[in-house]
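K.L.:
sharing a model prediction with you, sequence too.
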Number of protein chains: 2
Amino acid sequence: MGRWAPGTAERLQRAALELFATRGFEQTTATEIAESVGLTERTFFRHFSDKREVLFHGQNLLVQAFVDGVATAPPGGSAIEVVGVALQSATSTFPEERRQYSRLRQSVIDQNPALQERERHKLASLASAVADALRARGVDDLAATLAAESGITVFGIAFGLWIRASERRSLADITAAVLRELLDMAAAAAVPGAERP
Amino acid sequence: MGRWAPGTAERLQRAALELFATRGFEQTTATEIAESVGLTERTFFRHFSDKREVLFHGQNLLVQAFVDGVATAPPGGSAIEVVGVALQSATSTFPEERRQYSRLRQSVIDQNPALQERERHKLASLASAVADALRARGVDDLAATLAAESGITVFGIAFGLWIRASERRSLADITAAVLRELLDMAAAAAVPGAERP
DNA sequence: CTCCTTCACGTCAGTGACTGTCATCCCTAC
DNA sequence: GTAGGGATGACAGTCACTGACGTGAAGGAG
């Protein structure tokens, strides 16, 4: 521990979320966030590359969980099956305590297009990382991209459902259900296409 | 036609793309773009909500093509089949002349994260519009979201392939191939899951 | 104990994206 | 010819973000 109180980034994140939820994202300046925890604007931008990023810090843990899931999945499965395994291992580590926090955070994001843009970008990066991990397993390019992108789509939809007020199931359970729905849908649609030689 | 030369937005777009391709996106100011066609910065921002948007104007035509495709698809098909029809009708209107332009534009986007973010956001909006169109056909919520998101994923991947230097097939052909790959992959993966009652 | 490096922060000045407001001017309609 | 509207210019202002430089405490080396 140095001269300054530790956990600066975390304090800034908490303060930012609170201010965003109260006044709104655009009505809150970076200076206000920083000063609300006794720091300056310059320090805020030393911890976060831009104002939006303060809400998206720590997503690298999620990326790691997915990539690890892909890397440690049993050999022999198809790309989608591997993604299914990664999906389960990544989502089952999601603590229940995070659900309420995620709801507040999402309500802020849902009210600002710029934040939605960043959220989509983070999901896209996640998909890209998963695709890389699949390629490292020897999956071919197109299949890796398709499987990764589909897996992240499933994750995004499942996360949205998990956040709902009436929802009680775990994120992992919801994810499994959504993935199954996608596979069943696609399987049903793939059959008529088989008439082409 | 008023006092001023028509096609202001188009001239700004062309000038912006040229400057972005030459100096780079961040090294080009909105003032420079505007003055390169004899206008002021203020006028630039009257035509485009922000600097990035100058590269993404006109995507509403694509959205319309997809939505129309969904709306006019023959009745009775599953959500994914309807999306497949919309995919074909939307991509078959893509003129070959646009390919070269798209390459240049994409090379600019690929060099700037902020532009990639906007691109993803546009694709997400497109998926959202397609999902709405599916729901209007009576498709249930989850299936509509999944099918729309998958369809846009396919479109995005196919577009990326269409842009490649060595690629000769039409966008519609590539799209059909990518969709088939996704469906076959999913169908193969759905079978082992069928062991659950 | 003293020096010295390092780290986290403060201060300051600057650029550029974006906005609100008001004036201007041409074209059209009447 | 006059009134209105639509597109633009001019101008001032806010805020996100950056680079350069200074500062004080913690921790290690001697």
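P.N.:
Arrived safely.
K.L.:
what's around A:D141, how many residues?
P.N.:
Neighbourhood size, A:D141 [other C-beta atoms under 10 Å in any protein chain shown]: 11. Backbone N, C-alpha and C define where each C-beta goes, glycine included.
K.L.:
what about the helix or strand hosting A:G156, near chain B?
P.N.:
In this assignment (DSSP states H and E), A:G156 forms part of helix A:141-163. Yes. Helix A:141-163 is in contact with chain B by C-beta under 8 Å from any C-beta of the partner chain, via A:L142, A:A143, A:T145, A:L146, A:A147, A:E149, A:S150, A:T153, A:V154, A:G156, A:I157.
K.L.:
buried ones in that helix, by neighbour count?
P.N.:
For helix A:141-163, burial by neighbour count (16 or more other C-beta atoms under 10 Å in any protein chain shown) applies to A:142-159, A:161-163.
K.L.:
re earlier: with pLDDT added, can I get the residues of helix A:141-163 next to chain B in CSV?
P.N.:
Listed next are these as CSV, based on pLDDT from 0 to 100:
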residue, pLDDT
A:L142, 97
A:A143, 97
A:T145, 98
A:L146, 98
A:A147, 98
A:E149, 98
A:S150, 98
A:T153, 98
A:V154, 98
A:G156, 98
A:I157, 98
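K.L.:
let me see the residues that make contact with the lowest-mean-pLDDT helix or strand in chain A.
P.N.:
Lowest by mean pLDDT, DSSP states H and E among the helices and strands of chain A is helix A:171-193, with a mean of 90. The contact list for helix A:171-193 (C-beta atoms under 8 Å, 6 or more residues apart in numbering or on different chains) reads A:80, A:84, A:87-88, A:91-92, A:94, A:150-151, A:153-155, A:157-159, A:161-162, A:167, A:169, B:78-81, B:84, B:142-143, B:146-147, B:150, B:180, B:182-187, B:189-191, B:193.
K.L.:
what segments of chain A are helices?
P.N.:
Along chain A, counting by DSSP state H, helices occupy A:8-23, A:30-36, A:41-47, A:59-72, A:79-91, A:98-110, A:113-136, A:141-163, A:171-193.
K.L.:
wait, does the first one contact DNA strand D?
P.N.:
No. Using C-beta under 7 Å from any atom of the strand, helix A:8-23 stays clear of DNA strand D, coming no nearer than 10.6 Å.
K.L.:
tell me what that helix is packed against?
P.N.:
Secondary-structure packing of helix A:8-23 (3 or more C-beta pairs under 8 Å, 6 or more residues apart in numbering or on different chains; DSSP states H and E): helix A:30-36, helix A:41-47, helix A:98-110.
K.L.:
chain B is nearest to which of the ones you listed?
P.N.:
helix A:98-110 (12.6 Å; C-beta to the nearest C-beta).
K.L.:
for the record, mean pLDDT for that closest one?
P.N.:
Helix A:98-110 carries an average pLDDT of 97.
K.L.:
can you give the distance of that helix from its chain's centre?
P.N.:
Helix A:98-110 sits 12 Å away from the centroid of its parent chain (C-alpha atoms, centre = their mean, to the nearest Å).
K.L.:
same deal with stretch A:9-29?
P.N.:
So, by C-alpha atoms, centre = their mean, the centroid of stretch A:9-29 is 20 Å from its chain's centroid.
K.L.:
looking at the helices and strands packed on helix A:8-23, which is buried most?
P.N.:
Ranked by mean neighbour count, the helices and strands packed on helix A:8-23 are led by helix A:30-36 with a mean of 17 (mean count of other C-beta atoms under 10 Å in any protein chain shown).
K.L.:
that one and DNA strand D, are they touching?
P.N.:
Yes. Residues of helix A:30-36 contacting DNA strand D under C-beta under 7 Å from any atom of the strand: A:A30, A:T31.
K.L.:
and the residue nearest the centre of chain A, what's its pLDDT?
P.N.:
Centroid check for chain A by C-alpha atoms, centre = their mean gives A:L123 as the closest residue, at 5.6 Å. At A:L123, the model reports a pLDDT of 98.
K.L.:
got it, and the one 5 residues further on?
P.N.:
Looking at A:S128, its pLDDT stands at 98.
K.L.:
got a list of what the residue nearest to the centre of chain A touches?
P.N.:
A:I152, A:F155, A:G156.
K.L.:
swap the cut-off to 6 Å and go again
P.N.:
A:L123 sits next to A:I152, A:G156 when contact means C-beta atoms under 6 Å, 6 or more residues apart in numbering or on different chains.
K.L.:
got it, and the one 3 residues further on?
P.N.:
For A:L126, the set of contacting residues under the criterion of C-beta under 6 Å, 6+ apart consists of A:V63, A:I152.
K.L.:
and stretch A:92-108, how far out from the chain middle?
P.N.:
Using C-alpha atoms, centre = their mean, the offset of stretch A:92-108 from its chain centre is 11 Å.
K.L.:
give the burial count for A:D184, as a bare number.
P.N.:
Neighbours of A:D184 (other C-beta under 10 Å): 16.
K.L.:
let me redo that: A:H57
P.N.:
Neighbours of A:H57 (other C-beta under 10 Å): 15.
K.L.:
the one 5 residues further on too?
P.N.:
Around A:L62 sit 18 other residues, with neighbours defined as other C-beta under 10 Å.
K.L.:
that one and A:V108: what is the separation?
P.N.:
18 Å (C-beta to C-beta, to the nearest Å).
K.L.:
before we move on, what about A:T8?
P.N.:
Taking C-beta to C-beta as the measure, A:T8 falls 21 Å from A:V108.
K.L.:
my read: A:A90 touches A:G69, true?
P.N.:
Yes. Contact criterion C-beta atoms under 6 Å: A:A90 and A:G69 qualify, at 5.2 Å.
K.L.:
domain-wise, how is chain A divided?
P.N.:
A:8-51, A:58-188 (automatic domain parsing).
K.L.:
closest to B:V37 out of these?
P.N.:
domain A:58-188 (27.5 Å; C-beta to C-beta).
K.L.:
all good on my end, thank you.
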